[in-house]
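Colleague: Sequence first, predicted model second:
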Amino acid sequence: MSTTVPLIVRLLASSVSVAGRAGKIVRDVMSKGELGIVEKGKDDYQTEADRSAQRCIIASLSAQYPKVNIIGEEDSPEDEGEVSSEWLVVDADKEILSIECPSFLQNVKEEDIVIWVDPLDGTSEYTQGFLEHVTVLIGISVNEKPVAGVIHQPYFKTLVDGEKKIGRTIWGLQEVGVGGYTPAPPPDSLVITTTRSHSNPIVEKALQVMNATQILRVGGAGYKVLQLLEGVASIYVFASPGCKKWDTCAPEAVLNAAGGKLTDILGNYYKYGASETRPNKTGVLAAVNNDLHTYALNKIPQELKEKLANK
């Protein structure tokens, strides 16, 4: 790979290729039928697909970018050691390599970068057969801010020249834009997307005050943000500390690149530095544009914001 291409562009190009390979691992594990489910906590599961996809992503990116700090959801001592050569991806997406890098990112060094990896976002849905909700997330942050991201859907099906193709990869880069899908305007009426399996009274109250015509309950932060990008929903509301940094870094980067906005329920941006705590303690509020985000932020009662902030 040419080193004349700025680091951020090379890293994004590598991440697009790696995410596709991780998606194949996710499908292969499901095809074999031995999911190897481990319960990490209440309603928090890990499968062989999570573990193997993460090893593929981290080993592939670490080999090419050794000084970049990579934080994965499934970090554990068992993940260390040799990785199969067929899981080591050295390719980079040629379309991405041709992108012109934004000036403010041209001189970024590996030491400035933290990559947040969720190898299988929507594990609960994966184990229950809601496969369209599943995504592979690779978020790239520089100086604590998400600047680029990859959302790969292993089970997305399309027809290309009459042949069925499985899997697609959506990417975004700040000040450049997005690729891998067809952007669509928000629906004419207010449609909210929210959690499928992690609700509670505060989550429900935040939804009620929105006066939405429809509420979609789906799995995975990546999939919810894709609903915004594709015009299925207008706003993503989750007034709970259930999400983590690896859930939101890539989706936030892609949504930002598309002109949207993702913050916590209080309207504050999360920081993605290596020393930051993993949980997104004050929830998630995202929208396809600033106006819709402001609408949602103003609808949430101060009392509810304070309850969440003091949890």
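Modeller: Thanks, I have it. No experiment lies behind these values; they were computed from the predicted model shown. Numbering: from 1, shown residues only.
Colleague: buried ones in the strand or helix carrying Ser52?
Modeller: When elements are assigned from DSSP states H and E, Ser52 belongs to helix 48-64. Buried positions in helix 48-64, judged by neighbour count with 16 or more other CB atoms under 10 Å: 48-61, 64. For every residue, glycine as well, the C-beta is placed using N, CA and C.
Colleague: Name the nearest of the residues you listed relative to Ala148.
Modeller: Lowest distance from Ala148 to the buried residues of helix 48-64 (CB to CB) belongs to Leu61, with 12.8 Å.
Colleague: Isn't that closest one up against Val18?
Modeller: Yes. Using CB atoms under 8 Å, Leu61 is in contact with Val18, at 6.2 Å.
Colleague: What sits closest to Val284 if chain neighbours are left out?
Modeller: Phe238 (4.4 Å; CB to CB, 6 or more residues apart in numbering).
Colleague: Next, the contact list for the one you found, please.
Modeller: Going by CB atoms under 8 Å, 6 or more residues apart in numbering, Phe238 touches Thr194, Thr195, His198, Val203, Ile265, Gly283, Val284, Leu285.
Colleague: redo that, cut-off 7 Å
Modeller: Thr194, Thr195, Val203, Gly283, Val284 (CB atoms under 7 Å, 6 or more residues apart in numbering).
Colleague: Narrow those to those in strands?
Modeller: When DSSP state E is applied, the contacts of Phe238 are split such that Thr194, Thr195, Val284 fall in strands.
Colleague: which of those tops the neighbour count?
Modeller: Val284 (27 neighbours; other CB atoms under 10 Å).
Colleague: residues touching Val26, list them.
Modeller: Contacts here follow CB under 7 Å, 6+ apart; on that basis Val26 touches Ala49, Ala53, Leu120, Val134, Val136, Pro154.
Colleague: how far away is the residue nearest to Val284 from Gln208?
Modeller: 14 Å (CB to CB, to the nearest Å).
Colleague: Could you export the contacts of Val26 to JSON lines, including columns for distance to Val142?
Modeller: Listed next are those as JSON lines, based on distance: CB to CB, whole Å:
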{"residue": "Ala49", "distance to Val142": "29"}
{"residue": "Ala53", "distance to Val142": "24"}
{"residue": "Leu120", "distance to Val142": "25"}
{"residue": "Val134", "distance to Val142": "28"}
{"residue": "Val136", "distance to Val142": "21"}
{"residue": "Pro154", "distance to Val142": "27"}
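Colleague: Adding pLDDT, write these out as JSON lines.
Modeller: What follows is the contacts of Val26, written out as JSON lines (pLDDT from 0 to 100):
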{"residue": "Ala49", "pLDDT": "84"}
{"residue": "Ala53", "pLDDT": "93"}
{"residue": "Leu120", "pLDDT": "93"}
{"residue": "Val134", "pLDDT": "96"}
{"residue": "Val136", "pLDDT": "98"}
{"residue": "Pro154", "pLDDT": "97"}
